[in-house]
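>>> Any chance you could fold what I've pasted below:
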Amino acid sequence: MKRVHHELVAWQQAMLLVRQVYELTAGFPADERFGLVAQMRRAAVSIPSNIAEGAARQSKREFAQFLIVARGSLSELDTQFRIAQDLVFCPPQSELEMQIDRLFSLLGGLLKSQRESERT
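Alright, predicted model coming up:
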């Protein structure tokens, strides 16, 4: 069964980001399994989860609030990714960086449209 959020490009791209983060963190040191790996995976999973929950809400204002939370999780993931690079757990991942940037843009646009339609 199709859900409303399945049609959102932001949700689709967030789902792709989750897969990328899981693939990347699979190669991290074993002693980071309960540290950075868990944090990055949790932040990544939070993004499409909040988009989906917001899309299921009754008002545009509620949806916008969940988009803000998703964007916060994306910022958290961006920071954790940079920490992982600084600690040399992974090489620079231009594809993952591009996906994070793409998702920031998509969330920003979706948030803007929700706020504008709320005013009308």
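
>>> Which element, helix or strand, includes the closest residue to Leu96 other than its chain neighbours?
Nearest residue to Leu96, sequence neighbours excluded (Cβ to Cβ, 6 or more residues apart in numbering): Gln20, at 5.3 Å. (Each C-beta comes from the backbone N, C-alpha and C, glycine too.) Here Gln20, judged by DSSP states H and E, is contained in helix 9-25.

>>> Enumerate every residue touching the residue nearest to Leu96.
Taking Cβ atoms under 8 Å, 6 or more residues apart in numbering, we find Gln20 in contact with 95-96, 99.

>>> and with 10 Å instead?
Applying Cβ atoms under 10 Å, 6 or more residues apart in numbering to Gln20 gives the contacts 44, 93, 95-96, 99-100.

>>> Show me what the lowest-mean-pLDDT helix or strand in the chain is packed against.
Here the helix or strand of the chain ranked lowest by mean pLDDT, DSSP states H and E is helix 94-119, holding a mean of 90. On a contact count with 3 or more Cβ pairs under 10 Å, 6 or more residues apart in numbering; DSSP states H and E, helix 94-119 meets helix 9-25, helix 36-55, helix 60-86.

>>> Can you say which of those is nearest to Met1?
Checking the helices and strands packed on helix 94-119 against Met1 by Cβ to Cβ gives helix 36-55 as the closest, at 13.4 Å.

>>> relative to helix 9-25, how tilted is the closest one?
Using axes from the mean of the first three to the mean of the last three Cα atoms, to 10 degrees, the direction of helix 36-55 lies 170 degrees away from that of helix 9-25.
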